[in-house]
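> sequence? don't have it. structure:
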């Protein structure tokens, strides 16, 4: 047997064992739980802005880390003010390099705009301008 075979064989055995022992869904196969939007936003240090209407259910999922999600519509003119009030130390939201076709995005972590005392390690906000007066805001906060 060659030296390469002796080195690679144990690695392959471990890899196959891991792949066969894990389910397809890393979150223990469970669907996210529905939670009050105040809980989902609060985990990331935010609150539902004035004039906002939730879109669907706010969610919570936990396995090795914790993830909260929320989506809501709000007046388009209030988005930047809500973000500045919620995260005063954060950089201005970006509109040039947003993923997923968002018009504005904001990614925060400790040391980059996330206030002290917030339970989440990361907050991501994606804003889509649906029309001249309405914005769809997708909010995610999670631990690493």
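Arrived safely, thanks for sending. Since the model is a prediction, treat every value here as computed from it, not as a measurement. Numbers count the residues shown, from 1 in each chain.
> contacts, neighbours, all on C-alpha from now
Will do.
> who's residue 104 bridged to?
residue 127 (DSSP bridges).
> got it, and residue 108?
With DSSP bridges as the criterion, residue 108 is bridged to residue 123.
> close enough to count as contact, it and residue 118?
No - using C-alpha atoms under 8 Å, residue 108 is not in contact with residue 118, being 11.2 Å away.
> tell me, what's touching the two both at once?
Between them, residue 108 and residue 118 share no contacting residue under C-alpha atoms under 8 Å, 6 or more residues apart in numbering.
> how far away is residue 141 from residue 131?
Taking C-alpha to C-alpha, to the nearest Å as the measure, residue 141 falls 26 Å from residue 131.
> Those two: which has the busier surroundings?
residue 141 (28 against 10; other C-alpha atoms under 10 Å).
> ok, the helix or strand where that one lies: who's next to it in the sheet?
For residue 141, the host element (DSSP states H and E) is strand 134-142. Next to strand 134-142 in the sheet, as set by DSSP bridges, lie strand 66-75 (antiparallel), strand 122-129 (antiparallel).
> can you tell me the average pLDDT over the longest one?
If I follow you right, that is strand 66-75. If you average the pLDDT over strand 66-75, you get 98.
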